[in-house]
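**Q** The sequence and its predicted three-dimensional model are supplied below.
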Amino acid sequence: MSQSWTRSDNEVLATLQDVVATESINADLPGGERGEVGMVEYIGNFFEGAGIPYETDEVLPGRSNIIATLEGEDPDRVLLFECHMDTASVSVMTIPPFEPHIRDGLLYGRGACDTKAGGVAMMHAMKNLKEAGVKPPCTVKYAGAMDEEYIFRGALRLAATIKAEAAVISEPTELEVIRAHKGLARFRIIVKGVAAHSAKPYLGINAISKMARLIRAIEDEIAPTYASTSHPLTGSPTLNIGVISGGVQVNFVPDQCVIEIDRRVIPGETPEEAMVPFRERLERARAADPDLDVTLEEPFLMDGPMETPEDSRIVQVAVNACQSVLGKSSITGVPYGTDASKFAAVGIPAIVFGPGSIDQAHAAVEWVECEQVLKAVDIYQQIMTEF
């Protein structure tokens with residue numbers, strides 16, 4: 001472990017420094033090698049030292065979830081606290097990603113806010129209860145999930161195997177209670193053309209030119225319709241054309257062009273419904289242009305939106321805990337997706353809650369406010385004892 005940073009005297013912040021210094025870039029992302037292995041080892045040692053039993057569940061070869069259990073008064077009731085262990089790539093970072101310096105009340109490094117701070121706060125909340133000999137009213141489980149930054153395979157496994165009455169998912173929400181967020185559909189559109197020499201372009205069919213017209217149609221005809229639909233906590237649906245590729249070299253007529261689209265889905269919609277306007281628009285384009293060879297592939301990632309009723313028990317307990325610790329509380333929604341939707345999909349009411357701001361997640365300079373991390377411990381602990 002790097003010696004260039006000074007370990008905090010505060011036990012919670014020292015633990016956070018340790019896990020930030022533990023590289024856990026998702027193995028499917030640039031720079032990812034060991035994935036979450038180091039995090040599983042550290043978390044296992046933490047709970048072993050606290051006298052809290054845990055188990056691991058291998059989801060992919062060499063990549064596991066870890067689940068710790070603090071037995072409650074009613075073992076048939078389970079409250080789940082879940083946090084993903086993997087991080088985004090460090091390729092864009094302009095600070096050392098694994099040197100968790102603390103300066104001016106901020107702790108720096110990859111994963112500091114997204115979302116190791118929340119996970120550490122959950123772990124220490126459980127440890128505090130164990131050390132105090134407090135048995136919560138229901139069994140509390142902590143789950144460190146793998147693969148959130150790619151395609152959610154850790155959370156999907158947890159949702160399929162853990163029976164819980166409610167779930168608290170850690171993400172950087174600035175200590176606001178999130179009860180709704182968007183889902184998504186990500187998919188490719190492929191146009192095939194006919195290659196030819198650029199000196200005689202009329203002998204070929206330019207796939208890029210045809211794709212350009214489709215992009216204009218999507219942005220001019222489909223995207224504007226989203227403004228008429230809105231959710232009070234998450235806003236309107238959105239789309240983003242985030243990837244385009246095509247052609248081989250400048251003096252070839254390109255025979256293929258591919259785009260990738262990210263369509264964000266609000267509560268009340270489904271990812272499947274969101275695909276319909278694209279299919280219909282491409283059918284019209286084919287009918288108008290006999291030379292257009294276009295394919296809309298099935299989405300390579302779909303995730304439903306999440307909405308938990310405001311009067312649900314987990315929302316109200318979290319609000320009360322925030323009011324007690326912070327003197328204020330806020331219930332809102334966010335435009336991004338989280339592991340929470342996987343639990344909501346199987347009937348487990350979920351909220352998203354944690355220290356830090358999403359604005360620092362994946363950033364070139366990632367940090368979290370130390371004070372928020374410490375407050376999160378108290379809030380998680382109160383949720384555990386009051387649910």
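**A** Arrived safely.
**Q** Quick check: T338 touching E171?
**A** Yes: T338 is in contact with E171 according to Cβ atoms under 8 Å; the separation is 5.1 Å. Glycine gets a C-beta too; all of them are placed from N, C-alpha and C.
**Q** confidence score at the residue positioned nearest the centre of the chain?
**A** For the chain, the residue sitting closest to the mean C-alpha position, by Cα atoms, centre = their mean, is T338 at 4.0 Å. For T338, the model assigns a pLDDT of 96.
**Q** likewise E33?
**A** Per-residue pLDDT puts E33 at 88.
**Q** if I pick it, what's in contact with it?
**A** 23, 25, 27 (Cβ atoms under 8 Å, 6 or more residues apart in numbering).
**Q** one more time with 7 Å
**A** A27 (Cβ atoms under 7 Å, 6 or more residues apart in numbering).
**Q** That one: helix or strand, and which one exactly?
**A** Counting by DSSP states H and E, E33 is held by no secondary-structure element, helix or strand.
**Q** where's it relative to L292, distance?
**A** Remark: distance between E33 and L292 (Cβ to Cβ, to the nearest Å) = 43 Å.
**Q** do the same with G337
**A** Spatial separation of G337 from L292 under the definition Cβ to Cβ is 33 Å.
**Q** can you confirm I379 is in a strand?
**A** No: under the criterion used here (DSSP: H, G, I helix; E, B strand; the rest coil), I379 is helix, not part of a strand.
**Q** Correct me if wrong: it contacts V325.
**A** Yes: using Cβ atoms under 7 Å, I379 makes contact with V325 at a distance of 5.0 Å.
**Q** Sketch out the low-pLDDT regions of the chain for me.
**A** Residues of the chain that meet the criterion pLDDT under 70 lie in 1-3.
**Q** one step back: neighbour-wise, which of G337 and L292 wins?
**A** With neighbours defined as other Cβ atoms under 10 Å, G337 and L292 compare such that G337 has more, 23 against 19.
**Q** Give the full set of residues in contact with that one.
**A** With contacts defined as Cβ under 7 Å, 6+ apart, G337 is in contact with 181-184, 303.
**Q** what about L239, which SS state?
**A** L239 falls in the strand class when you classify it by three-state DSSP.
**Q** For it, give its distance to G144.
**A** Here the distance between L239 and G144 works out to 33 Å (Cβ to Cβ).
**Q** and if you look at Q323?
**A** Between Q323 and G144 the computed distance is 28 Å (Cβ to Cβ).
**Q** more crowded one of these two?
**A** Neighbours per residue (other Cβ under 10 Å) separate Q323 from G144, with G144 holding more: 33 against 13.
**Q** can you map out the helices along the stretch 1-150 of the chain?
**A** All helices of the stretch 1-150 of the chain, identified by DSSP state H, counting those that start in this stretch, fall at 11-20, 37-50, 117-132.
**Q** Give me the distance between the last one and the centre of its chain.
**A** Relative to its parent chain, helix 117-132 has a centroid offset of 22 Å by Cα atoms, centre = their mean, to the nearest Å.
**Q** Could you do the shortest one as well?
**A** The chain centre lies 21 Å from the centre of helix 11-20; the measure is Cα atoms, centre = their mean.
**Q** tell me which strands and helices it is in contact with?
**A** Contacts defined by 3 or more Cβ pairs under 7 Å, 6 or more residues apart in numbering; DSSP states H and E place helix 11-20 against helix 37-50, strand 106-108, helix 117-132, helix 370-386.
**Q** okay, the ones you listed in TSV with mean neighbour count next?
**A** Formatted as TSV, the helices and strands packed on helix 11-20 follow (neighbours: other Cβ atoms under 10 Å):
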stretch	mean neighbour count
helix 37-50	18
strand 106-108	21
helix 117-132	23
helix 370-386	22
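**Q** domains in this protein, as residue ranges please.
**A** Structural domains assigned to the chain are 11-181+305-386, 183-303, following automatic domain parsing.
**Q** Tell me how far the last one lies from the chain's centre.
**A** In this view, domain 183-303 has its centroid 25 Å away from the chain centroid, taken as Cα atoms, centre = their mean.
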